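Student: pasting the sequence and the predicted coordinates here, then a few questions.
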Amino acid sequence: MPGVEGRREGHHPGAKAFHWITALAVLGLLGVGLWMTGLPLGLLKFKVYGWHKWIGLVVLVLTVARLWWRWRHPPPALPGALPGWERRAAHAAHWTLFFLLLAMPISGWLMNSAAGVGLYWFGYVPIPDLVPPDPDLFETLRTVHRVLSRLLMAVVALHIGAVVYHDVLRRDGIFRRMWLSGER
Ligand code: HEM
Ligand code: HEM
């Protein structure tokens, strides 16, 4: 067991599992979200919307669990050589991502509630409505969900760009800290 908690070089395997499962789900949700809204009304659209909502709620549960887990297992400190502005940028980007990982599914859940269409998680677990049906509120929440999704796309692009910059140009091992086979 290398290092003191929070001081090791790489991320904890638990943090890696949360990160990569969430990243896969979110990249999928963003792509499917963009595609599904253009589908013609029909069974395919109905099914894809269902899966989008179910996986979106999985991300909500994973993120709440992840934040609790992260509080119990603080991530390793950033490499000492990193300039102050890069540290601040990394923290700001990561906390914006955490905020959006909560705000995206909650805005979707609120939107679904305002639409009054009901929701059974994976077809079985009844999900309570957060607000009563309200067409105006539904339209507002639909816009909120779309605008937040664009912000999420921008921050994820920035995040991936930053990782590539660190790995290719700076070679400071930032990617290896999070990659599955990287050191702990
Ligand atoms: C991390 C979680 C989520 C992400 C990244 C995400 C992403 C997206 C994106 C990119 C769109 C397309 C927006 C557009 O271009 O108009 C969308 C639409 C939609 N999302 Fe999500 N979503 C998430 C969670 C949820 C959840 C939990 C629900 C409901 C319980 C939901 C319900 C919807 C619905 C109903 C639409 C279609 C809105 C329309 O027809 O205009 N989403 N989502
Ligand atoms: C191919 C895509 C991605 C790559 C290569 C990647 C890579 C990384 C790396 C290397 C770190 C660790 C940085 C460090 O050690 O300080 C990290 C952290 C993080 N990533 Fe990603 N990431 C990707 C996609 C995503 C996505 C889609 C999300 C969520 C929307 C996300 C959210 C986060 C968060 C919140 C952290 C901070 C973790 C913490 O402090 O506990 N990442 N990512």
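Tutor: It's in. Ligands and ions are numbered 1, 2, ... in the order given.
Student: and Pro74, how many neighbours?
Tutor: Neighbour count for Pro74, taken as other Cβ atoms under 10 Å: 12. Any C-beta I mention is one placed from the backbone N, CA and C, and that applies to glycine too.
Student: got the phi and psi for it?
Tutor: phi -60, psi 140 (degrees, to the nearest 10).
Student: how much space between it and Gly10?
Tutor: 13 Å (Cβ to Cβ, to the nearest Å).
Student: tell me what whichever strand or helix holds Gly28 is packed against?
Tutor: In the assignment (DSSP states H and E), Gly28 maps to helix 13-36. For helix 13-36, the packing partners by 3 or more Cβ pairs under 8 Å, 6 or more residues apart in numbering; DSSP states H and E come out as helix 43-72, helix 84-115, helix 135-164, helix 174-178.
Student: is ligand 1 within reach of it?
Tutor: Yes. Residues of helix 13-36 contacting ligand 1 under Cβ under 6 Å from any ligand atom: Val26, Leu29, Leu30, Gly33, Leu34.
Student: over to stretch 38-47?
Tutor: No. On the criterion Cβ under 6 Å from any ligand atom, stretch 38-47 is out of touch with ligand 1, staying 8.7 Å away.
Student: outside of that stretch, which residues touch it?
Tutor: Contacts of stretch 38-47 with the rest of the structure, by Cβ atoms under 8 Å, 6 or more residues apart in numbering, involve Met36, Val48.
Student: export the helices and strands packed on helix 13-36 to TSV and tack on mean neighbour count and distance to Ile127?
Tutor: Output for the helices and strands packed on helix 13-36, formatted as TSV (neighbours: other Cβ atoms under 10 Å; distance: least, Cβ to Cβ, whole Å):
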stretch	mean neighbour count	distance to Ile127
helix 43-72	15	7
helix 84-115	17	7
helix 135-164	15	15
helix 174-178	17	32
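Student: please consider this matter closed, and thank you.
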